[in-house]
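> Fold the following, please.
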Amino acid sequence: MTVKESVLAQFEAHRGQFLSGGELAAQLGVSRNAVWKAVKQLEAEGYRFDSTSGKGYRLREESDVLSEQGIRRCLCTPQEQWHLQVYNTITSTNTVLKELSHDGAPEFTVLVAAQQTAGRGRMNRAFYSPAVTGLYLSILLRPVMKAEEALFITTAAAVAVARAVEELSGKSTGIKWVNDVFLDGRKICGILTEASLDMESGRLECAICGIGVNLCDPEGGFPEELQGIAGSVFGGESLPADARNRLAAGILNHFSEYYRSLSARPFFDEYVRRSIVVGREITVLGRDKPRRAHALAIDRNCNLRVRYEDGTEGVLSSGEISIRLTGD
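As a prediction, this is how the structure comes out:
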């Protein structure tokens with residue numbers, strides 16, 4: 001760990017408190033000048049400090065720079081469980097993490113970014129991932145489970161995001177089957193889980209769960225193709241202090257809780273309760289032409305049971321649906 005990283009870890013652990021440069025230097029085994037240089041480097045990266053003669057430096061509560069140290073400060077799960085890598089900009093957290101998984105990266109390696117230049121969604125679509133306004137993360141998992149249970153990863157992640165967003169914002173969220181989190185009738189989060197299968201055992205070799213959350217509206221608004229669909233947690237409001245670090249940690253905290261007993265589906269009741277689909281008219285989007293249907297229920301395997309217009313019923317384990325949320 002560099003001097004700058006060590007200094008930041010101390011400030012994050014004591015956010016809002018003054019820390020003496022001399023005490024920091026002695027604790028870290030470096031010179032006071034090295035501490036001063038580290039503080040200046042952090043200020044150049046966007047951290048905001050107060051400095052007072054006789055007291056030292058204080059990291060302001062409102063500082064909002066995405067960092068490993070900031071995320072770790074808010075984690076409730078064992079620190080050693082997570083192997084965090086934080087980026088200002090990355091091509092795609094899922095793509096890069098997939099490469100790392102092939103090189104033997106351990107389970108619970110997590111890539112977190114403030115911007116993606118080549119973010120991906122379902123069906124290999126581009127995922128809009130601008131700087132400053134969003135949070136993008138991917139989690140590497142090596143679960144002992146059957147391939148058909150991979151859906152539990154996505155649904156557990158959806159509940160984890162919904163809970164973390166509500167804790168950060170105080171606003172109510174819902175889940176559109178299977179992998180989108182909504183707020184005020186707009187999609188604020190998409191989740192993409194990609195898995196590798198062991199053909200002999202029929203079990204997963206690994207899975208990568210990618211999560212993208214819109215925290216506030218981008219300058220100039222969302223692209224035309226996303227208008228009326230995409231939204232954000234805070235819209236045009238100011239973000240709370242340390243919002244992105246707190247949200248990333250909240251997602252990891254809740255997901256870890258569910259993942260420990262994933263096959264028992266501890267998230268299931270809440271997933272169903274948060275559904276904005278069950279009981280509504282939907283359109284099932286498949287390889288054939290779209291079909292109108294009524295969403296009946298979500299079963300224990302997180303599949304969606306539907307009744308089509310011709311009276312026949314079906315069970316959806318994957319795919320996409322659309323739902324009209326306004327003007328009903």
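> give me the element the residue lying farthest from the centre of the chain is part of.
Using C-alpha atoms, centre = their mean, the residue of the chain lying farthest from its centre is residue 54. It sits 40.6 Å away. Residue 54 is part of no helix or strand when elements are defined by DSSP states H and E.
> quick one: pLDDT of it?
With respect to pLDDT, residue 54 scores 85.
> Report the separation between it and residue 7.
Plainly put, residue 54 is 19 Å away from residue 7 if you go by C-beta to C-beta, to the nearest Å. (Each C-beta comes from the backbone N, C-alpha and C, glycine too.)
> do residue 194 as well
Residue 194 is 37 Å from residue 7, by C-beta to C-beta.
> Then residue 59?
As judged by C-beta to C-beta, residue 59 and residue 7 stand 10 Å apart.
> just residue 282 next, same as before
Residue 282 is 52 Å from residue 7, by C-beta to C-beta.
> the more surrounded of these two?
It is residue 7, of residue 282 and residue 7, that has more neighbours when counted by other C-beta atoms under 10 Å, with 29 against 22.
> Secondary structure element for that one, which one?
Judged by DSSP H and E, residue 7 forms part of helix 3-13.
> Same check on residue 112?
Assigned by DSSP H and E, residue 112 belongs to strand 109-113.
> which parts of the top helix by length along the chain are buried?
Ordering each helix of the chain by length in residues (DSSP state H) puts helix 151-169 first. By 16 or more other C-beta atoms under 10 Å, the buried positions in helix 151-169 come out as 151-165, 168-169.
> elements contacting it?
In this structure, helix 151-169 makes packing contacts with strand 174-176, strand 180-183, strand 186-198, strand 203-214, helix 243-259, helix 268-273, judged by 3 or more C-beta pairs under 8 Å, 6 or more residues apart in numbering; DSSP states H and E.
> Try it again at 6 Å.
strand 180-183, strand 186-198, strand 203-214, helix 243-259, helix 268-273 (3 or more C-beta pairs under 6 Å, 6 or more residues apart in numbering; DSSP states H and E).
> quick one, it and strand 203-214 angle?
Here helix 151-169 points in a direction 30 degrees away from that of strand 203-214 (axes from the mean of the first three to the mean of the last three C-alpha atoms, to 10 degrees).
> Now do the same for helix 151-169: mean pLDDT, whole number.
97.
> same thing with stretch 79-90?
93.
> Kindly report the same for stretch 233-249.
On average, stretch 233-249 scores 93.
> start to end distance for it?
Start to finish, the residues bounding stretch 233-249 are 16 Å apart (C-alpha to C-alpha, to the nearest Å).
> quick one: buried residues of that stretch?
Within stretch 233-249, the residues that qualify as buried are 233, 234, 239, 240, 242, 243, 244, 245, 246, 247, 248, 249, counting by 16+ other C-beta under 10 Å.
> Spatially nearest residue to the last one (excluding sequence neighbours)?
Nearest-residue entry for residue 249: residue 74, 3.4 Å, with adjacent residues in sequence omitted and distances by C-beta to C-beta, 6 or more residues apart in numbering.
> check contacts around the one you found.
Residue 74 is in contact with 245, 246, 249, counting by C-beta atoms under 6 Å, 6 or more residues apart in numbering.
> Quick one, grab the pLDDT at it.
94.
> mind checking how far it is from residue 85?
From residue 74 to residue 85 the distance is 17 Å (C-beta to C-beta).
> Now do the domain split for the chain, please.
3-59, 68-273, 281-323 (automatic domain parsing).
> most tightly surrounded among these?
Neighbour counts (mean count of other C-beta atoms under 10 Å) averaged over each of the domains of the chain peak at domain 68-273, with a mean of 18.
> hmm, who's touching whichever strand or helix holds residue 305?
Assessed by DSSP H and E, residue 305 sits inside strand 304-308. Strand 304-308 is contacted from outside by 177, 291, 293, 294, 295, 296, 297, 298, 313, 314, 315, 316, using C-beta under 6 Å, 6+ apart.
> coming back round to it: pick out the most distant pair among the buried residues of stretch 233-249.
The distance between the two most remote of the buried residues of stretch 233-249 (C-beta to C-beta) is 17.7 Å, for 234 and 249.
> what are the pairing partners of the strand holding residue 305, and which direction each?
With DSSP bridges as the test, strand 304-308 is paired with strand 291-298 (antiparallel), strand 313-316 (antiparallel).
> All set now, cheers.
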